[in-house]
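A.B. asks: I would like the atomic coordinates for the input below:
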Amino acid sequence: MINKLCDSVQEALAGVPDGATVMIGGFGGAGQPGELIDALIAQGARDLTIVNNNAGNGETGLAALLATGRVRKIICSFPRQVDSQVFDGLYRSGRIELELVPQGNLAERIRAAGAGIGGFFTPTGYGTELARGKETREIDGRMYVLESPIHADVALIKAERGDRWGNLVYRKTARNFGPIMAMAAKLSIASVHEVVALGELDPEHIVTPGIFVQRVVQVPRSSTGPAGFKQAA
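C.D. replies: Numbers count the residues shown, from 1 in each chain. Down below sits the predicted model:
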């Protein structure tokens, strides 16, 4: 019997190795799997490469993970904002490496990994520091930059509902990077607010099929997100 449900977030995060590349879903606080991030902190993996849209807010969630000093590199599109003091301090002191990727390129590089695409040409970034060292090509009179896929060892994503096979549906904008990250990782771990029986999810509404998910854990719904963002009921 296929059963991907874990009894706890600790069980869900078991075995994440040192040196892993970990994708973490979320756009700021929307869809950020705070409970899974906290479990990764407790689990203790070190020398991590984190792939996320930004570099953490305040002192919790992704910022708390960075503050442990166990992240070697972060790949993101929006590293600095008014409350990104943890990342800012680490970067200015040379304790974390940053790979800055325009947001559309970031999403497409993740999607390419999941789709088995070896790379793609994009005009975004051509003629800037972001294109340094990369292959360029003129296509139909316009210059393009070759971008490579981003693969991950682990993806941590947040969904609204799931079943024991790992089928997932999301809540509104909390969906963001979750579906493509699940496809791009060897081990995809999803937190859900509700576990339902097989067949209860409408097949037409399933966004991430269970084939892309290896572990599912139920977490309670809170009134605020991992970075203190108020969540709608």
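
A.B. asks: what residue ranges in the chain score low on pLDDT?
C.D. replies: Applying pLDDT under 70 to the chain flags residues 223-233.

A.B. asks: which helix is the longest one in it?
C.D. replies: Looking across the chain with DSSP state H, the single longest helix is helix 103-115.

A.B. asks: other SSEs contacting it?
C.D. replies: Judged by 3 or more CB pairs under 8 Å, 6 or more residues apart in numbering; DSSP states H and E, helix 103-115 is in contact with strand 120-122, strand 142-147, helix 178-184. Any C-beta I mention is one placed from the backbone N, CA and C, and that applies to glycine too.

A.B. asks: Asp38 in helix, strand or coil?
C.D. replies: Of the three states, Asp38 takes helix according to DSSP: H, G, I helix; E, B strand; the rest coil.

A.B. asks: Quick check: phi and psi on the most centrally placed residue in the chain?
C.D. replies: In the chain, the C-alpha nearest the mean C-alpha coordinate belongs to Ile24, at 2.3 Å (CA atoms, centre = their mean). Main-chain dihedrals, Ile24, degrees, to the nearest 10: phi -130, psi 120.

A.B. asks: rewinding a little: mind checking how far the longest helix of the chain is from the chain centre?
C.D. replies: Taking CA atoms, centre = their mean, to the nearest Å, the mean C-alpha location of helix 103-115 is offset from the chain mean by 12 Å.

A.B. asks: host element of the residue nearest to Ile211 when sequence neighbours are not counted?
C.D. replies: Nearest residue to Ile211, sequence neighbours excluded (CB to CB, 6 or more residues apart in numbering): Gly166, at 7.7 Å. Under DSSP states H and E, no helix or strand contains Gly166.

A.B. asks: what's the answer for Ile157, then?
C.D. replies: Assigned by DSSP H and E, Ile157 falls in strand 152-162.
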